[in-house]
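Chemist: Below are the sequence and a predicted model for it; my questions follow.
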Amino acid sequence: LNLLFIGRIEPYKNIELLIDIVKDFKDQVNLLIAGDCRNREYQHSIENRLSNVPNIFVRFKFLDKAELVEELYNSDLVVLPYNLRSSLNSGTAILSFSYGRTVICPEIGTLSDFNDKSNFLTYTYDDDEEHLFKLRDRIQKAIDVYNSDSSLLLSWGENMRNEVAKSNSKATVTEKLMEVYNNIK
C-alpha cells in the first residue's frame, strides 16, 4: 500500500504521528512525505525521526504540477493526519479527490460537507492518544481494503473525483454564488 502526504510540512499537520504509526507497518505500507518545509529545525527533526525507517521516504521541496500529479498517481491513497483544533478545511483533500485519490483524514469541515462518507476513511478524536489510535486504525483499515481488493481504494478515489466535479461544476458554483448574492440584497 503506497501512502502519500503532500503539502507544506508544518507541525500542526502531525507528520511525527504519521511517521511513528507507519514505521510499525514496515512490511505492509510505504509512505512518501512530499512538500516544502520552511522551518529547517523542524525539517531536521523529521529527518532524525526517519533514520533507519526503510518504508518512509521524504522529499522536502515544493512540488510543481507535474511532480504533484506524478506522486498522486503513484499513490494508492493520501493521508492527512491534521490537527482538529487547527485545521478547518483542506484544499489537499479536494486536490486528491480531483485526481481520483481518496484520503485518510480527520473529519474536518471539508469532509463533513460530503453526505456520503463511504469513499474515504475519516475519524474524530479528543486527544493525542486517541488520534494515534484512530489514525492507526484507519491505516489498518486501508491495508485490509487494499489486501482484499487492491482496486477498491482507486474506485473510491474515482467516486470522489466524480462527486467533486459535480459539486464544484461551474453551474453549481454559479448557482450557489447567486443564492448568496440574492440573500444580501
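Modeler: Nice, I can see it.

Chemist: all contacts plus neighbour counts: C-alpha atoms, from now on.
Modeler: Noted.

Chemist: Double-check residue 76 against residue 153; I have them as touching.
Modeler: Yes - with contact defined as Cα atoms under 8 Å, residue 76 counts as touching residue 153 (6.6 Å).

Chemist: Need the overlap of contacts for these two.
Modeler: 101, 102 (Cα atoms under 8 Å, 6 or more residues apart in numbering).

Chemist: isn't residue 15 right next to residue 79, touching?
Modeler: No - checked against Cα under 8 Å, the pair residue 15 and residue 79 is beyond contact range at 10.1 Å.

Chemist: If you count surrounding residues, which of these two has more?
Modeler: For residue 15 versus residue 79, neighbours defined as other Cα atoms under 10 Å are more numerous around residue 79 (26 against 18).

Chemist: so where does the residue nearest to that one when sequence neighbours are not counted fall, helix or strand?
Modeler: Leaving aside its chain neighbours, residue 79 sits nearest to residue 104 (4.7 Å; criterion: Cα to Cα, 6 or more residues apart in numbering). According to DSSP states H and E, residue 104 maps onto strand 103-106.

Chemist: So what are the sheet partners of that strand and their directions?
Modeler: strand 77-79 (parallel), strand 121-123 (parallel) (DSSP bridges).

Chemist: who's in contact with the first one?
Modeler: By Cα under 8 Å, 6+ apart, the residues outside strand 77-79 that reach it are 2-6, 72, 93, 96, 101-105, 153-154.

Chemist: Those in strands, which ones?
Modeler: The strands, defined by DSSP state E, take in 2, 3, 4, 5, 6, 103, 104, 105 from the contacts of strand 77-79.
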